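Trainee: Give me the fold of what follows.
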Amino acid sequence: MGYWKSKVLPKIKKVFEKNGTKKAADEACKSFDDSKEEISKELKDKKTELQPKIVEIYQDSPAEIKTIVKEPKEAGLKKHSATVHNFLEELAKIDFPGSKAVFEASSKYGVGLIPGPVLFMFEKVQTLINVVEEKAAEAAAARADKEDTSSKEKEIVVEEEKKEEVVVDEEKAGGVAEVEDAAGPPKA
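Mentor: Prediction:
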């Protein structure tokens with residue numbers, strides 16, 4: 001009887017408890033959904049201090065995470081669940097609002113069973129990263145405008161030099177034409 005209770009019965013319970021984990025994951029998702037507003041408010045309050053940390057974590061993360069953050073889909077979460085779990089762990093380390101609860105739930109139930117909270121977290125991360133990318137794009141555009149104006153100035157200088165060369169060439173050509181006119185029309 002000891003062998004039955006220690007080896008066989010736990011395996012049978014695991015088989016029948018799969019629905020139990022789904023139910024528990026659903027409950028975790030519902031409790032997270034109730035706290036979304038609080039998380040959003042807390043994120044707005046801590047946005048300035050969290051943004052550099054998020055960008056650093058995002059840049060150090062693998063390409064799979066970057067694509068999932070930019071285009072969050074359930075299929076991507078299930079396919080790369082280990083990397084998603086690691087990313088959630090990094091978010092929990094920096095005290096990203098709501099990330100500890102999502103990380104604990106993903107540890108217990110797996111990322112595939114709690115896609116709603118994970119996708120919500122990635123959307124919040126995406127908003128912070130997009131702000132930084134927009135600033136970088138604006139800075140790059142400003143640099144490009146400065147380079148364009150300096151290159152336009154260089155082009156103007158080069159064009160002016162070419163015009164001067166053309167004028168000099170025309171004067172030389174005009175001098176040759178005057179010499180031919182002085183000689184008279186060609187005799188046939």
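Trainee: Poorly predicted segments of this structure, please.
Mentor: Across the chain, the ranges flagged by pLDDT under 70 are 1, 17-20, 131-142, 144-188.
Trainee: Go again with 80.
Mentor: Where the chain drops to pLDDT under 80, the residues are 1, 13-26, 130-188.
Trainee: That one: helices as residue ranges?
Mentor: Taking DSSP state H to define them, one finds helices in the chain at 2-3, 9-16, 18-34, 36-60, 63-70, 74-79, 81-93, 99-109, 115-183.
Trainee: isn't residue 116 right up against residue 29?
Mentor: Yes - with contacts counted by C-beta atoms under 8 Å, residue 116 reaches residue 29, the gap being 5.0 Å. (Glycine included, C-beta is placed from N, CA and C.)
Trainee: okay, the two: which has more neighbours?
Mentor: Under the neighbour definition other C-beta atoms under 10 Å, residue 116 and residue 29 were set side by side, and residue 29 has more, 20 against 17.
Trainee: Surely the more buried one touches residue 114?
Mentor: Yes - because the distance of 5.6 Å satisfies C-beta under 8 Å, residue 29 is recorded as touching residue 114.
Trainee: Now for the two: what residues contact both?
Mentor: Taking C-beta atoms under 8 Å, 6 or more residues apart in numbering as the contact criterion, the common neighbours of residue 29 and residue 114 are residue 105.
Trainee: Against residue 63, how distant is residue 86?
Mentor: Residue 86 sits 14 Å away from residue 63 when distances are taken as C-beta to C-beta, to the nearest Å.
Trainee: Please apply the same query to residue 42.
Mentor: From residue 42 over to residue 63 the distance is 29 Å, taken as C-beta to C-beta.
Trainee: Also residue 15?
Mentor: Noted for residue 15: a distance of 37 Å to residue 63, by C-beta to C-beta.
Trainee: Next: residue 41.
Mentor: Counting by C-beta to C-beta, the gap from residue 41 to residue 63 is 32 Å.
Trainee: more neighbours, residue 42 and residue 63?
Mentor: The neighbour comparison of residue 42 against residue 63 (other C-beta under 10 Å) goes to residue 42, with 16 against 9.
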